[in-house]
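S.K.: Got a sequence here, can you build the structure:
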Amino acid sequence: MSTALPQFDRGHGVCEVAIGFGDLEIDRAAVVEVMGYRAGAMPEHFGELLDAALAQAATLSVVRAGYLLVAAGRVDERPGAVVLGGTVFSTQKIVAGALLRAERAAVFTCSIGPAMEEWTRAMMPDDPALGYIADAVGSAVAEALADRLHDHIGVQMARHGWRITNRYSPGYCNWSVAEQHRLFALLPPQFCGITLGESALMHPMKSVSGVIGVGTAVTHADYLCDVCGVRDCTYRAFHAGRAAHGAGGAAR
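M.R.: Here you go, the predicted structure:
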């Protein structure tokens, strides 16, 4: 587990965490795996484009991350539901089961900002290969940011003698993405610079939100993708690549 980073109280229990791009662990080999290439099989030109996209990500990413610690509980008559901060969420069985013993939950968001996304979109018409690679890099940076925030929260909670679970996001493990609206209602408006559209799509798109269970009796699984039915998933591909190249951190 990493060390804790500075965090700042934004009022009403909301904490913003000072994470810089240099604090992120972005595995180049794992990004190559996400792009569908085995080690050493990617064309040299694509490698040059990947390096260019990584350099742009370091320049363009405006990293923001934070969380709110809320009370957590269960709904006895609804085994697929949990209560977070007084709001009932229909998370379905996988997430509800993971949060069963949680006394609290960290509701979190993080984003790399819009600039990388805008640059990616600008590249698409003239250089679609670079645009595709830049999009994969943006997703990898967002996941690395969520990993670093997750680690930070774990260190902070350990100071109180609490453990944490894996992180869970609406849209995964059969948890409806529409419940993003309820999740974001627990946080200040435009927290970490993120807004939601009517369809619950986050803007900027390279953002991650979700919940982490906290308590004395919760557990963290080493790998969760086997229990989730979502196959076309950047998270699955990215962390499978990291595991294959020894980067670890395969569980959300």
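S.K.: Leaving out the residues flanking it, which one is nearest to Ile115?
M.R.: To be clear, residue 115 is Ala; Ile isn't right here. What sits nearest to Ala115 in space, not counting adjacent residues and going by CB to CB, 6 or more residues apart in numbering, is Leu60, at 4.0 Å. Where C-beta positions appear, they are placed from N, C-alpha and C, glycine not excepted.
S.K.: quick one: contacts for the one you found?
M.R.: Leu60 sits next to 113, 115-116, 119 when contact means CB atoms under 8 Å, 6 or more residues apart in numbering.
S.K.: and the longest strand along the chain, average pLDDT?
M.R.: Assignment by DSSP state E gives strand 64-75 as the longest strand of the chain. Mean pLDDT, computed over strand 64-75, is 97.
S.K.: ok, now stretch 201-215?
M.R.: For stretch 201-215, the per-residue pLDDT averages 98.
S.K.: what secondary structure does the closest residue to Ser176 other than its chain neighbours sit in?
M.R.: Using CB to CB, 6+ apart and skipping the chain neighbours, the partner closest in space to Ser176 is Pro170 (6.4 Å). What DSSP: H, G, I helix; E, B strand; the rest coil gives for Pro170 is coil.
S.K.: Against Ala178, how distant is Pro170?
M.R.: 7 Å (CB to CB, to the nearest Å).
S.K.: Pull up the overlap in contacts between those two.
M.R.: Ala200.
S.K.: neighbour-wise, which of those two wins?
M.R.: Neighbour tally, Pro170 and Ala178, criterion other CB atoms under 10 Å: the higher count belongs to Pro170, 23 against 13.
S.K.: where does Asn174 fall, phi/psi-wise?
M.R.: Main-chain dihedrals, Asn174, degrees, to the nearest 10: phi 70, psi 10.
S.K.: wait, it sits on Gln92?
M.R.: Yes: checked against CB atoms under 8 Å, the pair Asn174 and Gln92 is within contact range at 4.1 Å.
S.K.: tell me the average confidence for stretch 142-153?
M.R.: Averaging pLDDT along stretch 142-153 yields 97.
S.K.: likewise stretch 28-39?
M.R.: For stretch 28-39, mean pLDDT rounds to 87.
S.K.: picking up where we left off before, helices or strands up against the longest strand of the chain?
M.R.: strand 14-17, strand 78-84, strand 104-111, helix 128-158, strand 207-215 (3 or more CB pairs under 8 Å, 6 or more residues apart in numbering; DSSP states H and E).
S.K.: Ok, which of the ones you listed comes nearest Leu54?
M.R.: helix 128-158 (5.8 Å; CB to CB).
S.K.: Which parts of the closest one count as buried, going by neighbours?
M.R.: 130-154, 156-157 (16 or more other CB atoms under 10 Å).
S.K.: tilt between the helix or strand harbouring Leu49 and helix 128-158?
M.R.: Assigned by DSSP states H and E, Leu49 falls within helix 44-60. Helix 44-60 and helix 128-158 meet at an angle of 50 degrees, taking axes from the mean of the first three to the mean of the last three CA atoms, to 10 degrees as the criterion.
S.K.: Tell me which residues of helix 44-60 come out buried.
M.R.: By neighbour count on 16+ other CB under 10 Å, the buried set for helix 44-60 is 46, 49-50, 52-54, 56-57, 60.
S.K.: just stretch 117-125 next, same as before
M.R.: Buried residues in stretch 117-125 (16+ other CB under 10 Å): 117, 119-120, 123.
S.K.: So which of the residues you listed is the closest to Trp162?
M.R.: Nearest to Trp162, judged by CB to CB, of the buried residues of stretch 117-125 is Glu117 at 34.9 Å.
S.K.: A helix includes that closest one, no?
M.R.: Yes: with three-state DSSP as the criterion, Glu117 is part of a helix.
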